[in-house]
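Novice: turn this into a structure:
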Amino acid sequence: MSEHSSDHHGPEKGLLRWVYTTNHKDIGTMYLLFALVALLVGGTMAFVIRAELFQPGLQLVDPNFFNQMTTMHGLIMVFGAIMPAFVGLANWLVPMMVGAPDMALPRINNWSFWLLPFAFGMLFCTLFMDGGAPNFGWTFYAPLSTDYAPPSVTFFIFSVHMMGISSIMGAVNVIVTIFNMRAPGMTFMKMPLFVWTWLITAFLLIAVMPVLAGVVTMMLMDIHFGTSFFNAAGGGDPVMFQHVFWFFGHPEVYIMILPAFGVVSHIISTFSRKPLFGYTSMVWATASIAVLSFIVWAHHMFTVGMPLVGELFFMYSTMLIAVPTGVKVFNWVTTMFKGSMTFETPMLFAIAFVVLFTIGGLSGLMLAIAPADFQYHDTYFVVAHFHYVLVPGALFSILAAVYYWLPKWCGRMYNESLGKWHFWMSFIGVNITFFPMHFVGLAGMPRRIPDYALQFAEFNAIVSVGAFIFGLSQLIFIYNLWKTVVKKEGEAATDKVWDKPEGLEWDIPSPAPYHTFQEPPVVK
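Specialist: This is a model prediction of the structure:
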């Protein structure tokens, strides 16, 4: 049987089929399910955080455990929920969109998935070790994470290495597939935008994952082998840790948002019944965002005492990233302009993405102003900013993608009214949660604290209520998935799922190319 056969290899049935599979659809499904489980685990940790902060005064958990929760919540959401979900979408969609029979390297594909449950199992087990889980924040700044860390930090480092190996293998696979397995006639500038965003994301992953591996290896040496990379007493420099970490960390946040741009481009085009406005400019905007992401890292570090010329450089380069991002937002809005728009669940999530991601981008511009950042730094304003980018940004786009492609994946339509309930509850919950954080941050409430001054009490109560609304509304999504995929209750999907909405009688031209998985035409 050929390496690229879409059949499942060998006679394995049941569970073993999933262990051995090299089929890109199976592996994509496993990534998505893994991400869903990680989302629920990380969300439960967020519940602990918000329950503790519901009112001032320490009430529920020990402050050290609170710090473990903030650390684990960040690590699990970034590396366990958002990134694997996008890799799962890439596995499902990239081969189909470029007309390939499977991913180029099917066995590496299988391995890159199966590393993840073990990496996260190890990370999760640190909660039960002596001294508890890592408690130094998801950015694990040294020397807090080297000289003052619990013994479990070594397991955390090994876990990060395994995640990094998995990411690099996944990225190599995407690049080789797109370069070598496109259908005849599909030039680069004919590729669907989701493929473009993932190609650029894959190069980012290969560039920055070794940097992360380097910095955790230096931590390991400082902890166990007597080096002093980050220990000032031995001639090291704690600020060097921040430089190396953020040289990984800033491109990483673009790794979590670029595939979202691709998803949203497809969805807005389809439900506006128009080709995407400015395809070429979208490709170039994505590429320039990726390039610029490497020269802005120290805007996370304005308060470390860098030279004024350094502050100015990172301030201006950060503002520059707003230009290609603005181009993308302009193109999405222009695509919708005068289109025959309908508002099915994927479109609702996509429009919410554009609006709320823009709010996150604007607060990011505020943080880019170096003298102002001295006031914002390490307050809840920063928490509000990056959650606006990652929750209604990355997470909403993943939810939109699942609703949009689910009929293609399982052959059934999801329940539209449940989908709309899920959207509106999530939309209201997410804004009640993260918008007031801007205000408590501007008023001076520091982040990563288990207790706070009395004047922040009302807003924190509102934020916690919003968090529980948002978290619990994800149960509607899970119920809808279960009804559609497991119970097979929806109506059968047609071959062109989104073409003819109810209530639109006129003949609608087919939406943007390749939004359905027909065989790509061979261009003469």
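Novice: pretty sure residue 206 contacts residue 171?
Specialist: Yes. Using CB atoms under 8 Å, residue 206 is in contact with residue 171, at 5.1 Å. (Each C-beta comes from the backbone N, C-alpha and C, glycine too.)
Novice: pull out the buried positions in whichever strand or helix holds residue 244.
Specialist: Residue 244 belongs to helix 238-255 when elements are defined using DSSP states H and E. Neighbour counts over helix 238-255 (16 or more other CB atoms under 10 Å) mark 238-239, 241-255 as buried.
Novice: packing partners of that helix?
Specialist: Counting contacts by 3 or more CB pairs under 8 Å, 6 or more residues apart in numbering; DSSP states H and E, helix 238-255 packs against helix 193-224, helix 279-292.
Novice: hmm, who's touching that helix?
Specialist: In this structure, residues lying in contact with helix 238-255 by CB atoms under 8 Å, 6 or more residues apart in numbering are 78, 83, 139-143, 201, 204-205, 207-209, 211-212, 214-215, 218-219, 229-232, 289-290, 293-294, 296-301, 304, 386, 389-390.
Novice: what angle do that helix and helix 193-224 make?
Specialist: 160 degrees (axes from the mean of the first three to the mean of the last three CA atoms, to 10 degrees).
Novice: C-terminal to helix 238-255, what's the next element?
Specialist: Next in line after helix 238-255, if elements are assigned by DSSP H and E, sits helix 258-272.
Novice: now do that next one against helix 238-255: the angle between them, please.
Specialist: 20 degrees.
Novice: so what's the gap between helix 258-272 and the chain middle?
Specialist: 15 Å (CA atoms, centre = their mean, to the nearest Å).
Novice: same check, this time on stretch 326-344
Specialist: 23 Å.
Novice: quick one: average pLDDT of that stretch?
Specialist: In this model, stretch 326-344 has an average pLDDT of 96.
Novice: tell me which residues are up against that stretch.
Specialist: Stretch 326-344 has contacts (CB under 8 Å, 6+ apart) with 261, 264-265, 268-269, 271-278, 281-282, 285-286, 347, 351, 354, 357-358, 403, 416, 419, 498, 501, 503-504, 508.
Novice: buried subset of the contacts of helix 238-255?
Specialist: 78, 83, 139-140, 142-143, 201, 204-205, 207-209, 211-212, 215, 218-219, 229-231, 289-290, 293, 296-301, 386, 389-390.
Novice: surely residue 143 meets residue 230?
Specialist: Yes. Judged on CB under 8 Å, residue 143 makes contact with residue 230 at a distance of 5.4 Å.
Novice: number of nearby residues for residue 270?
Specialist: Neighbour count for residue 270, taken as other CB atoms under 10 Å: 25.
Novice: wait, residue 124
Specialist: 17.
Novice: any low-confidence regions in the stretch 401-524 of the chain?
Specialist: 500-524 (pLDDT under 70).
Novice: helices along that one, start to end?
Specialist: 416-442, 457-481 (DSSP state H, counting those that start in this stretch).
Novice: buried set for the longest one?
Specialist: Taking 16+ other CB under 10 Å as the neighbour-count basis, helix 416-442 is seen to contain the buried residues 418-419, 421-423, 425-427, 429-441.
Novice: on that earlier part again, and for residue 143 and residue 230, which residues touch both?
Specialist: 222, 238, 241.
Novice: CSV for those, including pLDDT and distance to residue 334?
Specialist: Shown next, in CSV, are these (pLDDT from 0 to 100; distance: CB to CB, whole Å):
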residue, pLDDT, distance to residue 334
222, 97, 51
238, 96, 47
241, 98, 43
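Novice: hang on, the earlier thing: what's the angle from the helix holding residue 244 to helix 279-292?
Specialist: If you take the same axes, to 10 degrees, helix 238-255 sits at 170 degrees to helix 279-292.
Novice: lowest mean pLDDT among the helices and strands of the protein, which one is it?
Specialist: When the helices and strands of the chain are scored by mean pLDDT, DSSP states H and E, helix 15-20 comes last with a mean of 92.
Novice: what helices or strands is that one leaning on?
Specialist: Against helix 15-20 (3+ CB pairs under 8 Å, 6+ apart) you get helix 24-52.
Novice: residues of the helix or strand that comes right after the helix it packs on that come out buried?
Specialist: Going down the chain from helix 24-52, the next helix or strand is helix 63-75, by DSSP H and E. Along helix 63-75, these residues count as buried under the neighbour rule (16+ other CB under 10 Å): 65-75.
Novice: which helices and strands sit right next to helix 63-75?
Specialist: With 3+ CB pairs under 8 Å, 6+ apart as the test, helix 63-75 has helix 24-52, helix 106-125 packed against it.
Novice: output the very next helix or strand once past it as PDB, restricted to C-alpha atoms.
Specialist: Downstream of helix 63-75, the first helix or strand assigned by DSSP H and E is helix 83-98. These are the backbone C-alpha positions of helix 83-98, laid out as PDB (Å, rounded to 0.1, in the frame of the first residue of the first chain):
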ATOM      1  CA  MET A  83      -1.400  26.000  18.700                       C
ATOM      2  CA  PRO A  84      -2.600  22.300  18.400                       C
ATOM      3  CA  ALA A  85      -6.000  23.500  17.200                       C
ATOM      4  CA  PHE A  86      -4.400  25.400  14.300                       C
ATOM      5  CA  VAL A  87      -2.100  22.400  13.500                       C
ATOM      6  CA  GLY A  88      -5.200  20.300  13.400                       C
ATOM      7  CA  LEU A  89      -6.900  22.700  11.000                       C
ATOM      8  CA  ALA A  90      -3.700  22.600   8.900                       C
ATOM      9  CA  ASN A  91      -3.700  18.800   8.800                       C
ATOM     10  CA  TRP A  92      -7.300  18.700   7.700                       C
ATOM     11  CA  LEU A  93      -7.300  21.500   5.200                       C
ATOM     12  CA  VAL A  94      -3.900  22.100   3.700                       C
ATOM     13  CA  PRO A  95      -3.700  18.800   1.700                       C
ATOM     14  CA  MET A  96      -7.300  19.300   0.500                       C
ATOM     15  CA  MET A  97      -6.800  23.000  -0.400                       C
ATOM     16  CA  VAL A  98      -3.600  22.300  -2.500                       C
END
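Novice: which helices and strands does helix 83-98 pack with?
Specialist: Under the contact rule (3+ CB pairs under 8 Å, 6+ apart), helix 83-98 is packed against helix 24-52, helix 106-125, helix 153-180, helix 193-224, helix 258-272, helix 396-410.
Novice: let's have these in CSV, adding distance to residue 494.
Specialist: Below are these laid out as CSV (distance: least, CB to CB, whole Å):
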stretch, distance to residue 494
helix 24-52, 20
helix 106-125, 30
helix 153-180, 28
helix 193-224, 22
helix 258-272, 14
helix 396-410, 8
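Novice: most packed of those helices?
Specialist: Using mean count of other CB atoms under 10 Å, the stretch among these with the largest mean neighbour count is helix 258-272, at a mean of 27.
Novice: measure residue 155 to residue 221 for me?
Specialist: Distance, residue 155 to residue 221, by CB to CB, to the nearest Å: 16 Å.
Novice: export the shared contacts of residue 143 and residue 230 as JSON lines, with columns for distance to residue 148.
Specialist: Formatted as JSON lines, the shared contacts of residue 143 and residue 230 follow (distance: CB to CB, whole Å):
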{"residue": "222", "distance to residue 148": "12"}
{"residue": "238", "distance to residue 148": "12"}
{"residue": "241", "distance to residue 148": "13"}
